[in-house]
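S.K.: Here is my input; please provide its structure:
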Amino acid sequence: MGEIRVGKEHLDRLLTDSAGSYGATYQQAFAQLAETHQGKSAAEILPLLRRAADHALLEFTHADLAEQAEAISTGERYVLRVTVT
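M.R.: Below you'll find the model as predicted:
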């Protein structure tokens, strides 16, 4: 399970149902990758997740992104703990 700290002013970068207008959120990008990349290698998915996190200005660790990529690859459920600061 991954964990990230996000300032409350930046929740719109993470959550699909936020009131912000930042554009595509990380949650949307993750869901799309989960739908289109299940069964592909985690190594192929990892740079796509990194790009989505960088675009959303979210500071996921490499380990968190690798965990997420593995979950997408295998079709397993992934839980992200978000701490709002």
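S.K.: Could you pull out the strands in this structure for me?
M.R.: For the chain, the strands defined by DSSP state E occupy 2-6, 80-84.
S.K.: Out of these, name the one with the poorest average pLDDT.
M.R.: Comparing mean pLDDT across those, the lowest value falls on strand 2-6: a mean of 65.
S.K.: looking at it, Arg77 is touching Glu70, isn't it?
M.R.: No. Counting by C-beta atoms under 8 Å, Arg77 sits too far from Glu70 to count as a contact (11.9 Å). (Each C-beta comes from the backbone N, C-alpha and C, glycine too.)
S.K.: Have a look at the two and say which one is more surrounded.
M.R.: The neighbour count for Arg77 versus Glu70, taken as other C-beta atoms under 10 Å, is higher for Glu70 (16 against 7).
S.K.: quick one: pLDDT of the residue lying closest to that one once chain neighbours are set aside?
M.R.: In space, and not counting its chain neighbours, Glu70 is closest to Ala42: 4.6 Å by C-beta to C-beta, 6 or more residues apart in numbering. For Ala42, the pLDDT comes out at 97.
S.K.: what residues are up against Ala42?
M.R.: Neighbour list for Ala42: Ala66, Ala69, Glu70, Ile72, Ser73 [criterion: C-beta atoms under 8 Å, 6 or more residues apart in numbering].
S.K.: Can you report how many residues lie near the fourth one?
M.R.: For Ile72, the count of nearby residues is 26 (other C-beta under 10 Å).
S.K.: Repeat that for the last one.
M.R.: The burial metric for Ser73, expressed as a neighbour count using other C-beta under 10 Å, is 20.
S.K.: how close does the nearest residue to it once chain neighbours are set aside get to Leu33?
M.R.: Nearest residue to Ser73, sequence neighbours excluded (C-beta to C-beta, 6+ apart): Ala42, at 4.5 Å. To Leu33, Ala42 is 11 Å away according to C-beta to C-beta, to the nearest Å.
S.K.: Extract the residue ranges of the chain that are flagged as low pLDDT.
M.R.: The chain contains residues with pLDDT under 70 at 1-6, 10-24.
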